[in-house]
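**Q** no sequence for this one, just the structure:
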């Protein structure tokens with residue numbers, strides 16, 4: 001009987017506890033009064049912007065593929081050895097942060113609190129612009145990507161791949177919508193590493209991005225390209241070095257320029273013999289600004305007084321173990337923690353305008369020749385070339401054919417790997433000889449998907465191969481039709 005009574009008592013206690021837990025409101029007892037209950041927009045924005053500097057504009061792959069630099073003792077990308085690349089970190093990192101900024105500033109219950117970090121619409125607009133910038137970089141690497149069914153968790157654990165064409169349509173729409181949202185009279189976002197919340201600069205960024213995208217698709221969708229390019233130019237793009245859009249690195253180990261890190265304790269990157277030979281043959285004074293003289297090596301000189309004799313490029317893809325036989329990138333880039341790395345420059349824009357004039361597009365006053373000359377001048381001015389040397393060069397480089405524009409754009413995009421690689425693929429100029437040390441001696445024209453894509457999303461992976469082509473480094477993207 002005693003055991004029966006004990007069991008009944010235990011059952012009553014459990015019932016009381018269960019009922020109490022079901023009905024008692026503990027209020028904020030378990031809330032951390034010092035912690036945020038939602039994402040902090042300023043922190044989300046800062047974290048979303050960091051990869052622009054660390055992973056996009058300073059990415060080595062395009063720099064090596066376009067033979068601006070080559071590698072020292074350990075060649076990899078200069079031999080096209082990395083056969084696949086993983087895009088997951090973009091979806092789980094900066095893209096997710098940008099999505100959250102948009103969500104918080106659009107939620108009626110959260111937007112009033114979010115307004116403490118800048119005007120809601122301005123925060124959303126900046127997030128949309130950066131998201132489009134990232135997406136263009138990604139699709140110009142891989143081609144088709146999951147997007148319309150991405151970021152939806154268990155609803156679409158195996159999202160379909162959207163075509164690159166549809167992604168470009170989406171990005172154009174996003175940029176236009178973002179531009180319509182911006183109010184320069186209201187506060188810009190807090191946590192903005194690039195412009196400090198100055199919304200007029202974000203308008204310039206958006207239009208320059210739109211212009212770049214338009215030219216990228218000009219060989220496959222000329223009508224859309226012309227329309228979007230002309231809109232961007234009319235609304236305002238970068239036009240001088242004073243307006244250049246750069247990424248501002250910091251002066252400590254957490255925020256420093258990646259080039260500083262790359263040369264802090266070892267030497268892995270050298271001037272490429274391709275770029276060195278091109279600059280030397282054209283008597284281009286940027287040779288002396290892009291690189292430092294080698295310690296031990298000697299090249300066949302071409303400049304008056306043999307001033308270029310110690311500016312030596314390394315063979316692309318070779319094991320260049322004795323790095324002091326070759327020229328290294330300029331000290332101004334690799335010894336400054338806070339170096340400002342270009343995202344979009346006036347030189348890049350001027351060459352785009354010169355090409356647009358060749359196409360007969362309406363971009364206002366100026367000619368192909370005048371924009372071409374200005375592009376060279378802006379590039380040389382940016383790198384600190386003397387005014388007299390600029391004048392000497394432009395006086396002897398007056399031809400402005402598409403091949404001339406492509407060459408000068410390649411030079412002007414020095415150390416901007418993604419743009420240099422994309423424009424080289426679009427134009428197929430200048431002519432580059434693949435590394436003779438590569439197993440497959442073809443310069444890649446895309447990144448291949450990581451092996452996990454086929455393992456985890458088999459049906460959609462099969463579908464994208466059927467529509468886009470073989471998943472390797474040599475299947476051309478939608479806009480790459482030359």
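**A** Everything's here; your move. Everything numeric here is computed off the predicted structure, so don't read it as measured data.
**Q** which residues in the stretch 1-150 of the chain form helices?
**A** Ranges of helices in the stretch 1-150 of the chain, per DSSP state H, counting those that start in this stretch, are 2-23, 41-51, 60-65, 88-92, 94-106, 111-114, 120-142.
**Q** could you give the mean pLDDT of the fourth one?
**A** Helix 88-92 shows a mean pLDDT of 95 in the predicted model.
**Q** and for the longest one?
**A** Mean pLDDT, helix 120-142: 98.
**Q** ok, stretch 41-54 next?
**A** Here stretch 41-54 scores 97 as its mean pLDDT.
**Q** cool, and stretch 203-220?
**A** 98.
**Q** which residue ranges make up the domains of the chain?
**A** Following the assignment in automatic domain parsing, the chain carries domains at 40-67+88-237, 270-328.
**Q** closest to residue 343 out of those domains?
**A** Within these, the stretch nearest residue 343 is domain 40-67+88-237; the backing value is 5.5 Å (Cβ to Cβ). Where you see a C-beta, it was placed from the backbone N, CA and C, and this is true even at glycine.
**Q** span of that closest one from start to end?
**A** Terminal residues of domain 40-67+88-237 lie 31 Å apart, using Cα to Cα, to the nearest Å.
**Q** make TSV out of the domains of the chain and add mean neighbour count and distance to residue 472.
**A** Below are these laid out as TSV (neighbours: other Cβ atoms under 10 Å; distance: least, Cβ to Cβ, whole Å):
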stretch	mean neighbour count	distance to residue 472
domain 40-67+88-237	20	11
domain 270-328	19	19
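**Q** what about the closest residue to residue 375 other than its chain neighbours, is that helix, strand or coil?
**A** Distances taken as Cβ to Cβ, 6 or more residues apart in numbering place residue 350 nearest to residue 375, at 3.5 Å, with adjacent residues excluded. Look at residue 350: counting by DSSP: H, G, I helix; E, B strand; the rest coil, its state is helix.
**Q** residue 350 against residue 371, yeah?
**A** Yes. Residue 350 lies in contact with residue 371 (Cβ atoms under 8 Å); the separation is 5.0 Å.
**Q** those two - which one has more neighbours?
**A** residue 350 (29 against 22; other Cβ atoms under 10 Å).
**Q** residue 245 versus that one, what's the distance?
**A** 14 Å (Cβ to Cβ, to the nearest Å).
**Q** residue 173 too?
**A** 22 Å.
**Q** next: residue 40.
**A** Residue 40 sits 26 Å away from residue 245, taking Cβ to Cβ as the criterion.
**Q** and residue 75, by the same measure?
**A** Applying Cβ to Cβ, the value for residue 75 to residue 245 is 32 Å.
**Q** likewise for residue 387?
**A** Relative to residue 245, and taking Cβ to Cβ, residue 387 is found at 24 Å.
**Q** so for the two, which residue has more residues nearby?
**A** Neighbour totals were compared for residue 387 and residue 245, and residue 245 leads with 21 against 10 (other Cβ under 10 Å).
**Q** and the pLDDT for the more buried one?
**A** 98.
**Q** and it, what are its bridge partners?
**A** In this entry, residue 245 is beta-bridged to residue 344, by DSSP bridges.
**Q** can you pull out the strands in the protein?
**A** Using DSSP state E, the strands of the chain run over 69-71, 145-146, 161-162, 245-248, 269-271, 340-344.
**Q** for the residue positioned nearest the centre of the chain, list the residues it contacts.
**A** Of all residues in the chain, the one closest to the mean position by Cα atoms, centre = their mean is residue 56, 3.5 Å from it. By Cβ atoms under 8 Å, 6 or more residues apart in numbering, the contact list for residue 56 reads 133-134, 137, 418.
**Q** mind putting the residues you listed into JSON lines with distance to residue 379?
**A** Formatted as JSON lines, these follow (distance: Cβ to Cβ, whole Å):
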{"residue": "133", "distance to residue 379": "22"}
{"residue": "134", "distance to residue 379": "26"}
{"residue": "137", "distance to residue 379": "22"}
{"residue": "418", "distance to residue 379": "18"}
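**Q** low-confidence ranges, the chain, go.
**A** Judged by pLDDT under 70, the chain has its weakly predicted residues at 1-37.
**Q** again, only this time at 90
**A** Confidence mapping of the chain against pLDDT under 90 gives the ranges 1-39, 152-156, 253-254, 264-265, 482.
**Q** what sits against the nearest residue to residue 277 once chain neighbours are set aside?
**A** Distance criterion Cβ to Cβ, 6+ apart; nearest residue to residue 277, sequence neighbours excluded, is residue 313 at 6.5 Å. By Cβ under 8 Å, 6+ apart, the contact set of residue 313 is 70, 270-277, 299, 326-327.
**Q** ditto for residue 247
**A** 52-53, 57, 193-194, 340-343.
**Q** again, 6 Å this time
**A** 52-53, 341, 343 (Cβ atoms under 6 Å, 6 or more residues apart in numbering).
**Q** what do you get for residue 403?
**A** residue 429.
**Q** that one and residue 132, how far apart?
**A** 31 Å.
**Q** residue 164 too?
**A** Separation of residue 164 from residue 132 (Cβ to Cβ) stands at 14 Å.
**Q** now do residue 249
**A** Distance, residue 249 to residue 132, by Cβ to Cβ: 23 Å.
**Q** same question, residue 307
**A** Distance from residue 307 to residue 132, by Cβ to Cβ: 44 Å.
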